[in-house]
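Engineer: just a sequence and a predicted model for now, questions to come.
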There are 2 protein chains.
Amino acid sequence: MAKVKKTPRPKAETPKGFRDYFGAEVTERAEMLQKIAGVYHHYGFEALESSAVETVEALGKFLPDVDRPNEGVFAWQEDDSDWVALRYDLTAPLARVYAQFRNDLPTPYRRFAMGPVWRNEKPGPGRYRQFYQCDADTVGAASVAADAEICAMLSDTLETVGIPRGDYLVRVNNRKVLNGVLETMGLSDDAQRDAVLRTIDKFDKVGEAGVRELLGKGRLDASGAYIDGVGLSDDQAAPVVAFLTSKGVNAAKTLSNLRDAIGSSVVGADGVNELETMAELFAAGGYDATRIDIDPSVVRGLGYYTGPVFEAELTFEIFDEKGRKRQFGSVSGGGRYDDLVKRFTGQEVPATGVSIGVDRLLAALREKGRLNSQATGPVVVTVMDRDRMSDYQAIVAELRNAGIRSEVYLGNPKNFGNQLKYADKRNSPIAIIEGGDEKAQGIIQIKDLILGAQIAENATLEEWKERPSQFTVPRADLVAKVREILDSQST
Amino acid sequence: MAKVKKTPRPKAETPKGFRDYFGAEVTERAEMLQKIAGVYHHYGFEALESSAVETVEALGKFLPDVDRPNEGVFAWQEDDSDWVALRYDLTAPLARVYAQFRNDLPTPYRRFAMGPVWRNEKPGPGRYRQFYQCDADTVGAASVAADAEICAMLSDTLETVGIPRGDYLVRVNNRKVLNGVLETMGLSDDAQRDAVLRTIDKFDKVGEAGVRELLGKGRLDASGAYIDGVGLSDDQAAPVVAFLTSKGVNAAKTLSNLRDAIGSSVVGADGVNELETMAELFAAGGYDATRIDIDPSVVRGLGYYTGPVFEAELTFEIFDEKGRKRQFGSVSGGGRYDDLVKRFTGQEVPATGVSIGVDRLLAALREKGRLNSQATGPVVVTVMDRDRMSDYQAIVAELRNAGIRSEVYLGNPKNFGNQLKYADKRNSPIAIIEGGDEKAQGIIQIKDLILGAQIAENATLEEWKERPSQFTVPRADLVAKVREILDSQST
């Protein structure tokens, strides 16, 4: 007789490259995003939550072919119909939504969006295939007042979530100025132009001297490899270096340095004028150079954006994995881009926007000790007598009604040690104990678990006697005593 | 010469069955979910956000085959590897997460989760392929104290989001009681048993008389079709009818009716005892029968759950699409279920939980007028002179710093009418106007757009003169006057 083959049990595993978030990880992010949404809303931006799924036709960038449908995005074919995919960012859906609803939406359209996006990429350490983005964009406003507003909003946002003034800086540059510099240099060869752009991208890493070498003959890498240069003479390279290093003691000096770097280029002058206008708007709004600054050394995104480019850096120092001090670095970037909806409508619509790196900003807040609100677990009401669940229910209802986060132990109450282990695992500040004797006497026991843990670790016997961590109080004083202990713990 | 074929423009369309959410739709939902999360957290529940993607092996239910991979879920195959899919609910991921992390998680594990889920189903009116769920479950607690806690939490939640006491009722039933009734009836034939279960499911629709007919010979449908009955005699059907109609004037009477209906069934007695214990716990927590009630006529989910079953109904009346009055109905349901993680580990783990219908609850709050916080747009500072953007920027910064949601008009300022049309589209309460003359005189104009619209619609000329909707005030009084108008608008 053939044996009945048992179906093997499924594996309980998060899919590769994905992760789950527990407790404070979720609530801390939710609280941060809520604060950010509050600032965006205050600035007149409206929330948009587009569907997680888009047609690949609308997404555009990562058109899957049938052989490798999953290149870049997670895509699948609808029954005998279109290919659809999970959104890989929040900008492509904005373009689709604006094109689709442009007659109903106000113009300019200020919108913010926050939510997960998905990338079908090789997962790596700390690199996941699903992560949060948090964007604000203004569509249909050609004026750099829109860019300036977003920079101001970014500054307000960082302060609102808990990055103190002085610990961050929003730095602003402009792609048109770079275009002016390139024009002045007379680089007519597109390949050479692209090579210069790629070199500028490395300015953050290799610094002024490195860029000089890479624009010229080449450079010996830190790894020992020799990187060929663009092949410009020192004179030819000078305007680019002048551009990157034109930051002066104040905005006026920076702008004057930039005017020197662009020579007689019209587009360059346009870019410098835009920066000047933005500097005026920052000043008018009360954003001084300690919060937002014109800084031509900002190169991230210069290749992608078409006008103003901005980046928010956190300037306080942390220790990296090798124990070396370094600045925390960038948590947000953005700028002005063209062709947002042109793909759909043929009509050019100017747009500018910013994206906040949710996970990096959360890490920064953790670093600054701004995220400890959720660390404490609930008060645990232990169960001494399983037939008296109603009594314990009444206790916990009383605590909850008094605004104290609390719960009854709901596992098997037989082993009291397990209940305390549970309270420990929950990070509970307090355990409540009411046995039959206590009940008869109208009293209740309250165990300060945090003090108890401290005493167990450090105290001498005398101290232990002096500072008991368990208190017996009249039943009627329960809430007052719990409050007193919670207050003492939080100071 | 062959013409260069132009790529056709992509269509800007939300994929079929999906939708986008704008402005208040997003923020109102976010605010409601945040309040719900607050209550859940207060009860000791911990947030969990699992990945949107699961292996189909872990999802289990909707295993796709290669021919129809998209049956029920949105699924795709990883490169030469596993099939994965978007989660279709929040319970299957909970099972996977608990099985995967059970050694690190506390037991019992109270968790809440809120977020989108995806169903690959035929879309219909008001039926989307992506929608929100909001769940709370307790895993690893066999005691009905866990079920009672969830009912109490559900009651608190509804009141917290804005459903007043008296406008809702949490009704509780128990599958074991029904099992006892079936046992007492001596239905040994599984097919007949299933037919009885299916009939009970229709109780909400057809009522007592209808159930009697359907348990007996059959029934003439409202559509005129004759539905065959289960074929029981009136005597045989009596216990089921007694069960469904056993609701008495109070919990004690209901429980006594149920004891009659179950006869000598042990599992039935177990079920009635569970209901009795829950009734005691509700009383101990201060939840009287106007908030949570034992009600054996709750049949939704009785086929799925294994112990206590609960449902939250909104009892206030609304007008349906045909203009008839009816109760708003169910917004939440839940109960106790087995085998949550057994699929993965072989070990039986008891669990109980509740799911709130996010969209229905939002609709209910809208019905009750509890969702108007976000309806008003920002104050719009108009641009009379594009060279004075700094002045307008200073005005808006002043308003924002005073806590007033506001923005500068960022479109082309040439046509002032367009600016007022924009303010109208934004639902702006107030427009600010500062031309060159006003600037020179140190004054500013403030236009009450809401009063203006009212006057334009209703007022006689005399009233119009008496109640001007546009005010000229000294520039220094800007914030005070704007506040005054906003206050007058909100009363």
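Structural biologist: Nice, I can see it.

Engineer: correct me if wrong: A:Lys439 contacts A:Asp391.
Structural biologist: Yes - with contact defined as CB atoms under 8 Å, A:Lys439 and A:Asp391 form a contacting pair (6.8 Å). C-beta here means a position set from N, CA and C on the backbone, and glycine is covered the same way.

Engineer: so for these two, which sits in the more crowded spot?
Structural biologist: More crowded of A:Lys439 and A:Asp391, by other CB atoms under 10 Å in any protein chain shown: A:Asp391, with 18 against 15.

Engineer: quick check, the more buried one in a helix?
Structural biologist: Yes - A:Asp391 forms part of a helix when assessed by DSSP: H, G, I helix; E, B strand; the rest coil.

Engineer: so what's it up against?
Structural biologist: Neighbouring residues of A:Asp391 by CB atoms under 8 Å, 6 or more residues apart in numbering or on different chains: A:Glu434, A:Lys439, B:Ala284.

Engineer: can you pull out the strands in the stretch 301-450 of chain A?
Structural biologist: Along the stretch 301-450 of chain A, counting by DSSP state E, counting those that start in this stretch, strands occupy A:308-319, A:325-337, A:351-356, A:379-381, A:406-408, A:430-433, A:443-448.

Engineer: identify whichever of those strands lies nearest to chain B.
Structural biologist: Closest approach to chain B among the strands of the stretch 301-450 of chain A (CB to the nearest CB): strand A:406-408, 3.2 Å.

Engineer: what about that closest one and chain B, touching?
Structural biologist: Yes - Strand A:406-408 reaches chain B (CB under 8 Å from any CB of the partner chain) through A:Ser406, A:Glu407, A:Val408.

Engineer: can you report phi and psi for the closest residue to A:Gly436 other than its chain neighbours?
Structural biologist: Using CB to CB, 6 or more residues apart in numbering or on different chains and skipping residues adjacent in sequence, the residue nearest A:Gly436 is A:Asp385, 5.9 Å away. Backbone torsions of A:Asp385, given as degrees, to the nearest 10, read phi -140, psi 110.

Engineer: do you know the pLDDT at the spatially closest residue to A:Leu86 that is not a sequence neighbour?
Structural biologist: Closest residue in space to A:Leu86, ignoring its immediate chain neighbours: A:Trp118 at 3.9 Å, by CB to CB, 6+ apart. pLDDT for A:Trp118: 95.

Engineer: got any ranges where chain A has weak pLDDT?
Structural biologist: Applying pLDDT under 70 to chain A flags residues A:1-7, A:61-71, A:80, A:372-375, A:459, A:461, A:463-466.

Engineer: who's in contact with the residue sitting nearest the centre point of chain A?
Structural biologist: What sits nearest the mean C-alpha location of chain A, by CA atoms, centre = their mean, is A:Val358, with 1.3 Å. By CB under 8 Å, 6+ apart, the contact list for A:Val358 reads A:Arg29, A:Met32, A:Leu33, A:Met114, A:Phe131, A:Tyr132, A:Gln133, A:Cys134.

Engineer: so how far is B:Val230 from A:Arg405?
Structural biologist: Separation of A:Arg405 from B:Val230 (CB to CB, to the nearest Å): 50 Å.

Engineer: please read the previous query as pertaining to A:Asp189.
Structural biologist: Distance of A:Asp189 to B:Val230, given as CB to CB: 86 Å.

Engineer: who's more crowded, these two?
Structural biologist: Neighbour tally, A:Asp189 and B:Val230, criterion other CB under 10 Å: the higher count belongs to B:Val230, 21 against 10.

Engineer: what about the strands in the stretch 51-200 of chain A?
Structural biologist: Assigned by DSSP E, counting those that start in this stretch, the stretch 51-200 of chain A shows strands spanning A:53-55, A:75-77, A:83-86, A:109-118, A:130-139, A:168-174.
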